[in-house]
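[1] here are the coordinates; sequence isn't available:
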């Protein structure tokens with residue numbers, strides 16, 4: 001009787017595992033289906049957007065002569081020219097100022113370079129002079145002293 005129960009329990013457990021596996025597979029298939037539907041819907045929205053974006057300007061295109069004859073467009077063009085001319089003048093002024101600053105920085109850089117070279121030369125001369133003085137003192141100290149003392 002115990003053997004029958006363990007076989008029956010094992011069979012029930014195997015069926016439960018199989019049922020769980022098939023339920024997981026169904027859920028995975030449903031998720032894939034949801035993802036595929038979302039991708040398809042998104043692609044459709046992109047296609048529709050592109051169609052609207054491309055077809056819109058084609059209908060709105062006008063010839064250059066139509067634009068030139070339109071007084072509103074002409075007035076708008078004059079307004080844009082006036083506004084942009086002030087902006088362009090400001091940009092030109094800023095460019096000139098920046099060029100002046102660049103020239104000033106270059107001249108200051110040259111001046112600093114010259115001063116550093118002068119300092120290096122002066123430092124080298126000072127070191128040479130100190131070496132000569134040091135050598136002279138060394139020779140003076142090592143020279144034999146005379147036995148005569150200066151007259152008092």
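    Structure's in. What do you need? From a predicted model like this one, the values you see are computed outputs, not experimental measurements.
[2] for stretch 135-148, the distance to its chain's centre please.
    70 Å (CA atoms, centre = their mean, to the nearest Å).
[3] in that stretch, which residues are buried?
    With burial defined by 16 or more other CB atoms under 10 Å, not one residue of stretch 135-148 is counted as buried. C-beta here means a position set from N, CA and C on the backbone, and glycine is covered the same way.
[4] stretch 86-101 - what's its average pLDDT?
    Mean pLDDT, computed over stretch 86-101, is 93.
[5] how many other residues sit next to residue 70?
    The number of residues packed around residue 70, counting by other CB atoms under 10 Å, is 13.
[6] quick one, domains of the chain?
    1-61, 70-131 (automatic domain parsing).
[7] per-stretch mean pLDDT over those domains, give me the minimum one.
    Ranked by mean pLDDT, the domains of the chain end with domain 1-61 at the bottom, a mean of 68.
[8] now the domains of the chain in TSV, with distance to residue 145?
    TSV is the format used below for the domains of the chain (distance: least, CB to CB, whole Å):
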stretch	distance to residue 145
domain 1-61	106
domain 70-131	25
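[9] closest to the centroid, which residue in the chain?
    residue 98 (23.3 Å; CA atoms, centre = their mean).
[10] mind checking which helix or strand that residue is in?
    helix 71-142 (DSSP states H and E).
[11] how far out from the middle of the chain is that helix?
    Worked out by CA atoms, centre = their mean, helix 71-142 lies 27 Å from the chain centre.
[12] output the contacting helices and strands for that helix.
    Contacting helix 71-142 under the criterion 3 or more CB pairs under 8 Å, 6 or more residues apart in numbering; DSSP states H and E is no other helix or strand.
[13] hmm, try it at 10 Å
    Under the contact definition 3 or more CB pairs under 10 Å, 6 or more residues apart in numbering; DSSP states H and E, helix 71-142 sits against helix 64-69.
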